[in-house]
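>>> how would this look folded up:
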Amino acid sequence: MGLFGGLDQPGPGVYADEQKEGAFIRFFRVLALRFFPICLCNLLFVVVNLPFFALVYFLADIILPYLSPTLHPEAVVLDIVNRLEVTGPEEMEAAFELAGVIQFFMIFIGTFLVVGLLLIANGPLQTGFSYVYRNFSRQIPAFYWQDFARSVKQNWKQSFQATGISLIASALILFNVLFYATHLEGLLSQIMLGVFSVLLVLFCCVQMYVYPLIASLELPLKQIYKNAMIFTLIRLFPTLGILMIQTIIIMVIPALLILFGTALGSTIAIVFYIVLAFGLSHFLGVFFVWHQIEKHLMPENADETVDLQKIPEDESIDESVKIDDDPTENVIIKEKSES
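Below you'll find the predicted structure:
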């Protein structure tokens, strides 16, 4: 039966002239129908990315104090002491404990955001998740575990390379953002902070597209990134909107639960991470990405092909894009075989 349980039976079908529902309604309908498998994907995502969570957390815990004196635990304690006007030894001890808790949760939530936005994550398995979410978005009968395993097997090498690229690029960009954010002395530092902050946001947008494209398209990795960047630019504001929602799901909601909910809120936040946060965020991202592929690349008639040279320049996608298990097929765009 597999980790993801049984398979879905085909529905009654639809007529060709049946009016399509909007993407907003379709998203929540599919989310309701696939809620339990999405939760299972979330749990599996947490398990397979435990090494990456640990890596990001410990690197942040080690590097941040050396990156800036203001991020050192003693500096945090001193700031709390000054703000709360702490004087006695017992109050000082409480200030140290509070500083430790604050620093832990800041790094904790930051770690989950970095991994959750796929800046540093298990690429081969994330491609498998993306393939499952893509099939959910297409509303086709699915064998969850078989789909996941097949996609990982087919795309592990390319996904592993994408993991290396994202790890190096994310480390460089994040280091510069944190460095210039804590050294805002002079106009140059402010300009560099702005530049690397924009690069970080754009790279997060590109990463949203990379793994779904790997799972869906027969392309070299260079073309995957090229098309991801093109999609990001031609659909910049919708992509930024999805990224903002993902950030709210992964960072803002748990942070508010921890901040205002004390011990109970922290427990709820941890359960939210384990059960739903990542799966919901990634399903939203893949649902959006697949909608862009359908809109810009897929013909209305599945048997037709598309001449990409006739697509307007502002919506052009790399000409080598095609959706097909057999790269020798003489078509440009064709639905990927589900067999």
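>>> Which helix or strand in the chain has the lowest average pLDDT?
Least confident element among the helices and strands of the chain, by mean pLDDT, DSSP states H and E: helix 73-84 (a mean of 65).
>>> Just after that one, pick out the following helix or strand.
Following helix 73-84 in sequence order, the next helix or strand is helix 89-116 (DSSP states H and E).
>>> remind me, longest helix of the protein?
helix 144-181 (DSSP state H).
>>> Please enumerate the helices of the stretch 151-300 of the chain.
For the stretch 151-300 of the chain, applying DSSP state H, counting those that start in this stretch gives helices covering 187-216, 221-234, 236-247, 253-272, 278-296.
>>> Highest mean neighbour count out of the ones you listed?
For those, the largest average neighbour count (mean count of other CB atoms under 10 Å) is found in helix 278-296, namely a mean of 22. Where C-beta positions appear, they are placed from N, C-alpha and C, glycine not excepted.
>>> for that helix, the distance to its chain's centre please.
Relative to its chain's centre, helix 278-296 lies at 10 Å (CA atoms, centre = their mean, to the nearest Å).
>>> Adding mean pLDDT, write the helices of the stretch 151-300 of the chain out as JSON lines.
Listed next are the helices of the stretch 151-300 of the chain as JSON lines, based on pLDDT from 0 to 100:
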{"stretch": "helix 187-216", "mean pLDDT": "95"}
{"stretch": "helix 221-234", "mean pLDDT": "95"}
{"stretch": "helix 236-247", "mean pLDDT": "97"}
{"stretch": "helix 253-272", "mean pLDDT": "90"}
{"stretch": "helix 278-296", "mean pLDDT": "94"}
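>>> now these as TSV including distance to residue 58?
Formatted as TSV, those follow (distance: least, CB to CB, whole Å):
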stretch	distance to residue 58
helix 187-216	21
helix 221-234	29
helix 236-247	23
helix 253-272	19
helix 278-296	20
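>>> who's in contact with residue 60?
Taking CB atoms under 8 Å, 6 or more residues apart in numbering, we find residue 60 in contact with 107, 110, 111.
>>> can you pull the buried residues of the helix or strand containing it?
Element membership for residue 60 (DSSP H and E) is helix 50-67. Neighbour-count burial for helix 50-67 flags 52, 53, 55, 56, 57, 59, 60, 64, 65, 67 (criterion: 16 or more other CB atoms under 10 Å).
>>> Spatially, which two of the residues you listed are the most separated?
52 and 65 (21.7 Å; CB to CB).
>>> buried sites along the longest helix of the chain?
144-145, 147-148, 151-152, 154-155, 158-159, 162-163, 166-167, 169-171, 173-174, 176-178, 180-181.
>>> Quick check, pLDDT for the residue nearest the centre of the chain.
The chain has residue 117 as the residue nearest its centroid, 3.3 Å off, counting by CA atoms, centre = their mean. Per-residue pLDDT puts residue 117 at 97.
>>> Does it touch residue 207 like I think?
Yes: the criterion here is CB atoms under 8 Å, and residue 117 meets it with residue 207 at 6.7 Å.
>>> sorry, back to before: nearest to residue 202 among the contacts of residue 60?
residue 110 (19.3 Å).
>>> How many residues are close by the closest one?
17 (other CB atoms under 10 Å).
>>> Relative to residue 183, how far out is the residue lying closest to it once chain neighbours are set aside?
Setting aside the residues directly before and after it, residue 110 is nearest to residue 60 in space (CB to CB, 6 or more residues apart in numbering), at 6.5 Å. Applying CB to CB, to the nearest Å, the value for residue 60 to residue 183 is 17 Å.
>>> check contacts around the spatially closest residue to residue 177 that is not a sequence neighbour.
Excluding the flanking residues, the one nearest residue 177 by CB to CB, 6+ apart is residue 196, at 4.8 Å. By CB under 8 Å, 6+ apart, the contact set of residue 196 is 173, 176, 177, 180.
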